[in-house]
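K.L.:
Give me a 3D structure for the following:
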Amino acid sequence: MTGGTKEKATARRRGKPIEVWVTDEEKTVITNKAEEAGMSRSGYLRALGLNTPIRSVVDLTAVADLAKVNGDLGRFAGLLKLWLAEKRGERANAVDVESVMIEFRRLQVAIGMKMGDIVKAHK
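P.N.:
Down below sits the predicted model:
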């Protein structure tokens, strides 16, 4: 940036194609993988050829899901803290406390499952 104005980055001109011969099945697989990464076939193959890391759109969705579950867990922990601080154990039914803890564990398992999904996707 110069003089307080924003300059547009110019797109790199690509005018030299490389032909790659593939079967119909290979083309389908390459197309699907490019779509998962949110890229064109050409961009996907270029990134692979240049050993550039490829981030999957699916990974981003999983991360967003984890963020939602994590937010639920944070809200839940806040409510539990508020309940325990205000009531100081008064009229704290053991069954209620146990059900709250079961829900807390369920949310922890949900986070673990999402993380497992991400790990499996990278194998």
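K.L.:
What segments of the chain are helices?
P.N.:
Applying DSSP state H to the chain gives helices spanning 24-36, 41-49, 57-87, 94-121.
K.L.:
Give me the nearest residue to the residue most central in space within the chain, chain neighbours excluded.
P.N.:
Taking Cα atoms, centre = their mean, the centroid of the chain lies closest to residue 63, which sits 2.3 Å from it. In this structure, residue 63 finds its nearest non-sequential neighbour in residue 118, 7.4 Å apart by Cβ to Cβ, 6 or more residues apart in numbering. C-betas here are computed from N, CA, C, even on glycine.
K.L.:
So that neighbour versus residue 76, what's the distance?
P.N.:
22 Å (Cβ to Cβ, to the nearest Å).
K.L.:
what do you get for residue 19?
P.N.:
Residue 19 is 56 Å from residue 76, by Cβ to Cβ.
K.L.:
ok, now residue 96?
P.N.:
14 Å.
K.L.:
More neighbours: these two, which one.
P.N.:
Using other Cβ atoms under 10 Å, the more surrounded residue of residue 96 and residue 76 is residue 76, with 15 against 11.
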